[in-house]
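Asker: this is the structure alone, sequence omitted:
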């Protein structure tokens, strides 16, 4: 997948990784970049900067997603690449309890981190199949492959997002619909800056800029790999986890202990 002359939609495109993707796709020569975000003003600012189009969209609203996709397809003849990038992240309010987040927080994360991917797939796959192919890029997180200490809601919903993407790839891969998942660790975004970046274990291997992540995406799309890992070390962590699950869990507990001690100090 090369985005030159392609029609691309990016959700969560007003800032962070989404905005970096929009800028990079425009530089790569995309025919149209649709910047979709709940923050309509932010989406419009990015769209003006790159000569794209802005859409105000709540990705958790399936009907709104379907309407947006239908409008873009009607005006541009189809969507070649749909980047389901919007996400939310919340830490455990009680660091001593993985079940401490209230139901409303769990539901919000489920709606955005999981169901938004479902809504997008429902809306775009029929058209992609009819045209003989297309591409879905779902931004997940390394937390969906490993876990995130102190973020049970985030980790759980991101694991679910990985499972759904695998189902998409298995079901539609032979129909010409390609699927990749973007799974970085620490990235310098507003979500990361919500807390103390230095004490968050996902940042121990370095915090990347959104532009660096966008570079990894362009490379991953060209190679059409399912896993796009801006932090390559994540693959080694996955292998260690699969090789000895109990040892991996023990290591994560030790890491959590160090992080708790650092937070107290």
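Answerer: Great, that's in hand. Note that the coordinates shown come from a computational prediction; the quantities given were computed from them, not determined experimentally.
Asker: quick one: the helices in the protein?
Answerer: Assigned helices in the chain, in chain order: 16-27, 40-50, 62-76, 103-110, 116-131, 152-172, 210-223, 233-243, 245-264 (criterion: DSSP state H).
Asker: now do the second one: which elements does it pack against?
Answerer: In other words, helix 40-50. When contacts are defined as 3 or more Cβ pairs under 8 Å, 6 or more residues apart in numbering; DSSP states H and E, helix 40-50 sits against helix 16-27, strand 32-37, strand 53-56. C-beta: built from backbone N, CA, C; applies to glycine.
Asker: sorry, back to before: most tightly surrounded among the helices of the chain?
Answerer: For the helices of the chain, ranked by mean neighbour count under the definition mean count of other Cβ atoms under 10 Å, the leader is helix 16-27 at a mean of 24.
Asker: centre of the chain to that one, how far?
Answerer: Averaging C-alpha positions (Cα atoms, centre = their mean, to the nearest Å) puts helix 16-27 13 Å from its chain's average.
Asker: now do stretch 180-190
Answerer: The gap between the average C-alpha position of stretch 180-190 and the chain average comes to 7 Å, counting by Cα atoms, centre = their mean.
Asker: stretch 73-91 now?
Answerer: In terms of Cα atoms, centre = their mean, the gap separating the centre of stretch 73-91 from the centre of its chain is 10 Å.
Asker: try stretch 70-84
Answerer: Going by Cα atoms, centre = their mean, the spacing between the C-alpha centre of stretch 70-84 and its chain's C-alpha centre is 19 Å.
Asker: what about that stretch, how long is it end to end?
Answerer: With Cα to Cα, to the nearest Å as the measure, stretch 70-84 spans 16 Å from end to end.
Asker: and stretch 1-11, by the same measure?
Answerer: Separation of the first and last residues of stretch 1-11 by Cα to Cα is 19 Å.
Asker: can you name the residues in contact with that stretch?
Answerer: When contacts are defined by Cβ atoms under 8 Å, 6 or more residues apart in numbering, stretch 1-11 is touched by residues 18, 21-22, 25, 28-37, 57, 59, 68-69, 72, 76-86, 116, 120, 135, 178, 218, 221-222, 224.
Asker: quick check: mean pLDDT across that stretch?
Answerer: Along stretch 1-11, the predicted local confidence has a mean pLDDT of 97.
Asker: cool, stretch 251-259 as well?
Answerer: According to the model, stretch 251-259 has a mean pLDDT of 90.
Asker: cool, and stretch 39-50?
Answerer: For stretch 39-50, the per-residue pLDDT averages 98.
Asker: go on, stretch 66-73?
Answerer: pLDDT averaged over stretch 66-73 gives 98.
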